[in-house]
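**Q** I'd like to go over a predicted model; first the sequence, then the structure.
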Amino acid sequence: MFCKASLLTVALALLASATPVTRETGIRIPIQKRSALTKADGTVDRDAVIRETHRRNLITIDRKMGLENYAEGAYIPPVAHVPASVQRRLEARQSEALTDQEGGEQWTGTISIGTPAQEFVIDFDTGSSDLWVASSSCSGCDASNYYTASDSSTSQEQSGTFDIEYGDGSEASGPIYTDDVSVAGVAVTSQTLSAVTSESGNLVGDVADGLMGMAFPALSQLEADPYFWTAISQGVVSSGEFGFYLAGSDSELYLGGSDSNLYSGDLEFHDVSSDSGFWQISGASIIINGETVASGFATIIDSGTTLMYGPTSAVGSLYENVSGSVSLGDGTYAFPCSDFPTVEVTWGGNTYDISNTFNLGETSNGECQAALGGEDLGLGNNVWLFGDTVMQNLYTVFSVDQNAVGFAPLA
């Protein structure tokens, strides 16, 4: 899969007992820096900037509530066909590398499952809702750590089978269990999870052994509460909120509230505008060089997606209104590197500058590629996808208590 590079750290600030007590400092967990979105010569690797799909989630939404009840224009996109050279990049959408100016990073942390504890490095993903890891009996898995249910005295096998479908047609499946799960001391019991026993592609391996979904229960294919919802119901966090601070170093996931040392001013909350299961909020705008070029659309805030995506026609119209933009084909765009624009986003309150992460770097033709692409992902005519390109520029809080997403400027 991807070559491994230097280790960074991520701090999980959290509460750790049935009678919650806030810790002043978090527990540091290694984060693995993965391969960059640039080639050795410093230009953008366009094969690495490929579409990230929510096809699996849309199938779940259609089954549970019907796509016609989710969003106008929502549909299940066909399986993607891409060159063999980029097949290895088409992993689980939940394990996309994050983008910064020096390369791609994947935000991972260590969790434990079972009694005695078995440790796993997983991705924290606000765009999905299930916990799964590689099983010790997985055929073809290339994980570093494997779950052995028989070694855990608290493991209980459940009926049914978990199945994961990805945009390139690859799949993974496995049995369903309940077991004790702990994230740096925030321990829950009888958490539903899957241990993947077969896969058709490189869905686990490298630095990640699996995934922890942090979206709403409505997206769960396990038909169970995600870990954080279980933590709320069992009273092991003092509030139903978690905050993300994504940076080149000292990144942090804060369970049970927000870390006020990492942002300035007050958090600005926006109500979740859909019951689909996504952290989806309305009223977004994009401002380029001081001019509003798109407004009034909904955004899914997804830590498991690297870049930004909007419907192909809407994104095309946006770039038509920006001087200097160049279409690179396949829904991607660029600007002259010497005159790359300033880019801001807002949901009607504070305005956040995302220029630093909006520039992906130089292409082979000498332009600099933009992080917003046009892709018809089936999410609806007015639903856009905002990943870590946005989240790396602001503190983001996901509030189950308020059914809202909050933002604040970084400190």
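**A** Now that the structure is in, tell me what you want to look at.

**Q** just the pLDDT for the residue lying closest to Gln156 once chain neighbours are set aside.
**A** Leaving out its chain neighbours, the residue that sits closest to Gln156 by CB to CB, 6 or more residues apart in numbering is Thr178, at 4.9 Å. (Glycine included, C-beta is placed from N, CA and C.) The score at Thr178 is 98. That number is its pLDDT.

**Q** run a quick check on Thr108 versus Gly210, I expect a contact.
**A** No: the pair Thr108 / Gly210 is not scored as a contact, 9.9 Å apart, by CB atoms under 8 Å.

**Q** which neighbours do those two have in common?
**A** Residues within reach of Thr108 and of Gly210 at once, by CB atoms under 8 Å, 6 or more residues apart in numbering, are 122-123.

**Q** ok, the two, which is more surrounded?
**A** Gly210 (32 against 25; other CB atoms under 10 Å).

**Q** go ahead and confirm that one touches Val196.
**A** Yes: the pair Gly210 / Val196 is scored as a contact, 7.4 Å apart, by CB under 8 Å.

**Q** so what sits opposite Val397 in the bridge?
**A** Gly243, Gly406 (DSSP bridges).

**Q** I'd say it and Val405 touch.
**A** Yes: counting by CB under 8 Å, Val405 is a contact partner of Val397 at 7.0 Å.

**Q** now do the shared contacts for those two.
**A** Common contacts of Val397 and Val405, defined by CB under 8 Å, 6+ apart, comprise Phe269.

**Q** can you show me the strands along the stretch 101-250 of the chain?
**A** Ranges of strands in the stretch 101-250 of the chain, per DSSP state E, counting those that start in this stretch, are 103-105, 108-113, 118-125, 131-139, 156-165, 171-183, 186-199, 210-213, 241-245.

**Q** next, the distance between the ends of stretch 146-160.
**A** 21 Å (CA to CA, to the nearest Å).

**Q** average pLDDT for it?
**A** The model assigns stretch 146-160 a mean pLDDT of 97.

**Q** which residues are contacting that stretch?
**A** 113-116, 118, 120, 133-136, 138, 175-180, 189-190, 192, 195, 209.

**Q** flag every buried residue along that stretch.
**A** 146-147, 149, 152, 154-155, 158 (16 or more other CB atoms under 10 Å).

**Q** among these, which are located in helices?
**A** Counting by DSSP state H, no part of the buried residues of stretch 146-160 is found in helices.

**Q** which two among those residues are spaced furthest apart?
**A** Greatest spacing in the buried residues of stretch 146-160, by CB to CB: Tyr146 and Gln158 (19.1 Å).

**Q** if we can go back for a sec, buried ones only from the contacts of stretch 146-160, please, as a ChimeraX command.
**A** In ChimeraX syntax, the buried subset of those is picked out as below (16+ other CB under 10 Å):
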select :113,114,118,120,133,134,135,136,138,175,176,177,178,179,180,192,195,209
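
**Q** tell me who's in contact with Asn393.
**A** Per CB under 8 Å, 6+ apart, neighbours of Asn393: 352-354, 356-357, 410.

**Q** any idea which helix or strand in the chain has the lowest mean pLDDT?
**A** The weakest-scoring helix or strand in the chain, judged by mean pLDDT, DSSP states H and E, is strand 98-100 (a mean of 26).

**Q** low-scoring stretches of the stretch 1-150 of the chain, by residue?
**A** In the predicted model of the stretch 1-150 of the chain, residues 1-61, 63-64, 75-107 satisfy pLDDT under 70.

**Q** again, only using 50
**A** 1-35, 51-53, 80-105 (pLDDT under 50).

**Q** please apply the same query to the stretch 201-350 of the chain.
**A** For the stretch 201-350 of the chain (pLDDT under 50), the answer is none.

**Q** hmm, what's the outermost residue in this protein?
**A** Ser153 (31.9 Å; CA atoms, centre = their mean).

**Q** residues contacting the residue nearest to Gln156?
**A** 155-156, 158, 190-193.

**Q** let's have the residues you listed in CSV, adding distance to Gly248.
**A** Shown next, in CSV, are these (distance: CB to CB, whole Å):
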residue, distance to Gly248
Ser155, 38
Gln156, 41
Gln158, 40
Ser190, 37
Gln191, 32
Thr192, 35
Leu193, 31
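
**Q** assign the residue most central in space within the chain to one of the three secondary structure states.
**A** For the chain, the residue nearest the mean C-alpha position is Gly304 (1.4 Å; CA atoms, centre = their mean). Taken by DSSP: H, G, I helix; E, B strand; the rest coil, the conformation at Gly304 corresponds to coil.

**Q** how close does it sit to Leu372?
**A** Per CB to CB, to the nearest Å, Gly304 is found 17 Å from Leu372.

**Q** now swap in Asn393 and tell me
**A** In terms of CB to CB, Asn393 sits 14 Å off from Leu372.

**Q** and the residue lying closest to Leu131 once chain neighbours are set aside, what's its pLDDT?
**A** Counting by CB to CB, 6+ apart, Leu131 lies nearest to Leu193, which is 4.2 Å off, once chain neighbours are set aside. Looking at Leu193, its pLDDT stands at 98.

**Q** which residues touch Leu193?
**A** Per CB under 8 Å, 6+ apart, neighbours of Leu193: 113, 130-133, 176-179, 181, 222.

**Q** at 10 Å what do you get?
**A** 113, 130-133, 147, 149, 155, 158, 162, 174, 176-179, 181, 210, 212, 222, 224, 227 (CB atoms under 10 Å, 6 or more residues apart in numbering).

**Q** just Leu131 next, same as before
**A** Applying CB under 10 Å, 6+ apart, the residues contacting Leu131 are 111, 113, 120, 122, 162, 179, 181, 191-194, 210-214, 220, 222, 224, 226-227, 230.

**Q** who does it bridge with?
**A** Met212.

**Q** any idea how far it lies from Thr161?
**A** 15 Å.

**Q** again, but for Ala247
**A** Remark: distance between Ala247 and Thr161 (CB to CB) = 39 Å.

**Q** try Val183
**A** As it turns out, when the distance is counted by CB to CB, Val183 lies 26 Å from Thr161.

**Q** ok, those two, which is more surrounded?
**A** Using other CB under 10 Å, the more surrounded residue of Val183 and Thr161 is Val183, with 25 against 11.

**Q** ok, the more buried one touching Tyr254?
**A** No: counting by CB atoms under 10 Å, Val183 stays clear of Tyr254, with 11.4 Å between them.
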